[in-house]
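1. Mind folding the following:
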Amino acid sequence: MPGRAPWGQAGTKESGETLAVNNRPKVLRKDLTQTSTLTAGESETVELYAPSGSVYTVKGAALIAKPPSGATGGTHFFQVESLGKVAVLLGRSDYTAQVKWNNGHFFTANQTMEPAEESAAIQSFYGSMATADEPVRVEYYNNLDVDQTNERTIEFLIEEVSY
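-> Numbering: from 1, shown residues only. Take a look at the predicted model:
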């Protein structure tokens, strides 16, 4: 276009248009498993951020926490948030059972499963997104009467798209 600087031409980075620089998505496995002892009544937060210039979308996941031996009361649970703000999944069990999400559904969560309908849970969780500024956040709450000494498995299968 006459009179327009070359860096402002349509189709250039400086034109203000969004340009795909890598339209071949990558599939990655991210293991964020926690192994440290978690004190009774405490929680831990794990955040998964995409690199700058990319977006992560959750395509699969495993969340597993067994109750520690010696527990006689309370609950423990995972809560997942997309883009660091939007709650997409909650699984809670009492002191007698593990919390286990794998293969697109809760195998065990004997107190609460939200969303309760499996297809809604899959759609909600497996569309979760993370950017360089807003993570997929997994919170584990140990509201049991003993310290959590078992590992908390947190694994993701993600799609990374660069822009």
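2. how close does the residue nearest to the spatial centre of the chain sit to Thr72?
-> The residue at the geometric middle of the chain, judged as the C-alpha nearest the mean C-alpha position with C-alpha atoms, centre = their mean, is Val136 (4.1 Å). Separation of Val136 from Thr72 (C-beta to C-beta, to the nearest Å): 33 Å. All C-beta spots, glycine's among them, are computed from the backbone N, C-alpha and C.
3. what ranges do the strands span in the protein?
-> Per DSSP state E, the chain has strands spanning 22-31, 43-48, 54-65, 74-82, 86-94, 99-102, 105-108, 112-114, 129-130, 136-144, 152-162. These are given in chain order.
4. starting at the chain centroid, how far to the first one?
-> When C-alpha coordinates are averaged (C-alpha atoms, centre = their mean, to the nearest Å), strand 22-31 and its chain have centres 15 Å apart.
5. Over to stretch 102-114?
-> For stretch 102-114, the distance from its own C-alpha centre to the chain's C-alpha centre is 15 Å (C-alpha atoms, centre = their mean).
6. Could you list the buried residues of that stretch?
-> For stretch 102-114, the neighbour count (16 or more other C-beta atoms under 10 Å) marks Phe106, Ala109, Met113, Glu114 as buried.
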